[in-house]
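Trainee: Take a look and give me a structure for this.
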Amino acid sequence: MRKNFNTRLIFVITMLLLTSCSSFIDKHSFRMGKTSDMKIEDLKSFDRNGLLIAQATIKNNGNSKPVQYRFQWLGSQGEQVWGDEAWKPLIIPDGRTAVIEGVAPTIEATEFKIQLDSY
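Mentor: So this is what the prediction gives:
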């Protein structure tokens with residue numbers, strides 16, 4: 001009985017963690033074009049010397065077409081606090097993973113979105 005309870009508890013905790021990670025990624029990403037094979041596996045942010053740093057781990061699950069990305073920097077109310085960044089190319093071979101990083105250009109940025117687009 002106790003072992004069954006522990007197994008269920010671990011399952012519930014795991015599902016909650018996966019759901020919260022997925023919703024965080026969904027909230028902080030925006031896709032355009034044919035980018036469905038590019039999976040954002042991990043997305044995190046942290047403060048470095050007062051500036052927001054965004055870091056994403058992206059895996060190519062079978063699409064050899066290149067994509068481009070950029071970060072959008074937002075304030076505490078969700079407003080854009082800096083102009084649009086230039087698009088940066090991202091070529092990841094099939095089945096491989098890459099880590100990309102963006103540094104907020106202003107201390108007013110407290111949130112971010114990563115945008116992916118195919119070209």
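Trainee: which other residues reach the strand or helix carrying Ile40?
Mentor: Assigning secondary structure by DSSP states H and E places Ile40 in strand 38-48. Residues outside strand 38-48 that contact it (Cβ atoms under 8 Å, 6 or more residues apart in numbering): 21, 24-25, 28-29, 52-61, 63, 67, 90, 92, 97, 103, 112, 114, 116. No exception for glycine: its C-beta is placed from N, CA and C like everyone else's.
Trainee: can you rerun that using 6 Å?
Mentor: Contact with strand 38-48 is made by 25, 28-29, 52-61, 67, as judged by Cβ atoms under 6 Å, 6 or more residues apart in numbering.
Trainee: what do you get for stretch 68-82?
Mentor: Here stretch 68-82 makes contact (Cβ under 6 Å, 6+ apart) with 54, 85, 87-90, 102, 104-106, 108-117, 119.
Trainee: List only those of the contacts of strand 38-48 flagged as buried.
Mentor: Buried by 16 or more other Cβ atoms under 10 Å: Ile25, His28, Ser29, Leu52, Ala54, Ala56, Ile58, Lys59, Asn60, Val67, out of the contacts of strand 38-48.
Trainee: show me what contacts Ile92?
Mentor: Per Cβ under 6 Å, 6+ apart, neighbours of Ile92: Asn60, Ala98.
Trainee: ok, 10 Å please
Mentor: If you count contacts by Cβ atoms under 10 Å, 6 or more residues apart in numbering, Ile92 has them with Asp37, Met38, Ile58, Lys59, Asn60, Asn61, Asn63, Ser64, Pro66, Val67, Ala98, Ile100.
Trainee: ok, now how distant is the residue lying closest to Ala109 once chain neighbours are set aside from Ile100?
Mentor: In space, Ala109 comes closest to Trp73 once its chain neighbours are excluded; the distance is 3.8 Å by Cβ to Cβ, 6 or more residues apart in numbering. Remark: distance between Trp73 and Ile100 (Cβ to Cβ, to the nearest Å) = 15 Å.
Trainee: thinking again about what came up before, of all the residues in the strand holding Ile40, which ones are buried?
Mentor: Those would be Met38, Ile40, Leu43, Ser45, for strand 38-48 by 16+ other Cβ under 10 Å.
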